[in-house]
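Peer 1: Fold the following, please.
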Amino acid sequence: MVRLQPVLTEADLPLSELWAACRDGELVPLSSSAFIFADLPQTPAVRALAVQPVLGHRMIIERRSAAWVHGALRRAPRIHTVAVRYEHRSRASHDLATVREVVLRRGDTMTIAGIEVTTPLRTAVDLARDRGFDSARDSPVVARLLSSSGLPECRDYLDRARNLPHKALALRRITDALMIEATGAWVDESPTSDGISRR
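Peer 2: Below you'll find the predicted structure:
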């Protein structure tokens, strides 16, 4: 008997069969191309394995995809965000992922199910520095990522980070996100199309 992996993709079964199993209640989609058995908990390890098919050599899960792996984003991004260290200079690409070259410090990543992922702290900082940051969409995600560290650790990280663009802006956004989270002042609890509650 063939033992199936916890996360199934087109490498395991045709996409039509995977979606048919979803209709039958046997599988649930984690993303448009990754599925798990309906009775399997959606853990960080399972979510990291769901991103693995789009990862090239030495690639790291980052930004919104890392937020999803850590459980701070409720639905997988349609296009995953992955990175490669600047010194490795990869040109690889994938239809379901955007790839960036980044400079990472020691301690900026962790390993989940054998896959390298930016830590919750680094993920929150990256989201807060992004020029596409949307307060209503991203502040709750940043606050969830920092639930176990908080502002002092984040401020210390930014103080020690050299040559990191938009640090002051990131700290303002993170401070605002944590203050709103602490006061419970999110506006709307209904999930949006990308799965984030806008509270």
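
Peer 1: ok, longest helix in this protein?
Peer 2: If you go by DSSP state H, the chain has its longest helix at helix 167-183.

Peer 1: Mind checking what helix or strand follows the lowest-mean-pLDDT helix or strand in the chain in sequence?
Peer 2: Least confident helix or strand of the chain, by mean pLDDT, DSSP states H and E, is strand 97-102 with a mean of 85. Remark: after strand 97-102, the chain's next helix or strand is strand 109-112, criterion DSSP states H and E.

Peer 1: Contacts for whichever helix or strand comes after that following strand, please.
Peer 2: As assigned by DSSP H and E, the chain's next helix or strand after strand 109-112 is strand 115-118. For strand 115-118, contacts defined as Cβ atoms under 8 Å, 6 or more residues apart in numbering pick out 48-49, 51-52, 55, 59-63, 66, 69-70, 83, 104, 108-111, 126. Bear in mind the C-beta positions are built from the backbone N, C-alpha and C, glycine included.

Peer 1: elements contacting the host helix or strand of residue 126?
Peer 2: Using DSSP H and E, residue 126 falls within helix 120-129. Packing partners of helix 120-129 (3 or more Cβ pairs under 8 Å, 6 or more residues apart in numbering; DSSP states H and E): helix 63-69, helix 135-145, helix 151-160, helix 167-183.

Peer 1: Of the ones you listed, which stretch is the most buried?
Peer 2: Among the helices and strands packed on helix 120-129, ranked by average contacts under mean count of other Cβ atoms under 10 Å, first place goes to helix 63-69 (a mean of 28).

Peer 1: Quick one: list the elements packing against the helix or strand just after that helix.
Peer 2: Counting by DSSP H and E, the next helix or strand C-terminal to helix 63-69 is strand 80-85. Where contact means 3+ Cβ pairs under 8 Å, 6+ apart, strand 80-85 is packed against strand 60-61, helix 63-69, strand 97-102.

Peer 1: Residue 169: what's it in contact with?
Peer 2: 128, 129.

Peer 1: okay, and for this protein, where does confidence drop off?
Peer 2: Residue ranges of the chain with pLDDT under 70: 1-4, 87-96, 185-199.

Peer 1: Next, work out how far apart the spatially closest residue to residue 29 that is not a sequence neighbour and residue 168 are.
Peer 2: Nearest residue to residue 29 in three dimensions, chain neighbours excluded: residue 35, at 5.4 Å (Cβ to Cβ, 6 or more residues apart in numbering). Separation of residue 35 from residue 168 (Cβ to Cβ, to the nearest Å) stands at 42 Å.

Peer 1: Ok, residue 128 next?
Peer 2: The spacing between residue 128 and residue 168, counted by Cβ to Cβ, is 11 Å.

Peer 1: One more: residue 108?
Peer 2: Separation of residue 108 from residue 168 (Cβ to Cβ): 20 Å.

Peer 1: Over to residue 26?
Peer 2: For residue 26, the distance to residue 168 - Cβ to Cβ - is 50 Å.
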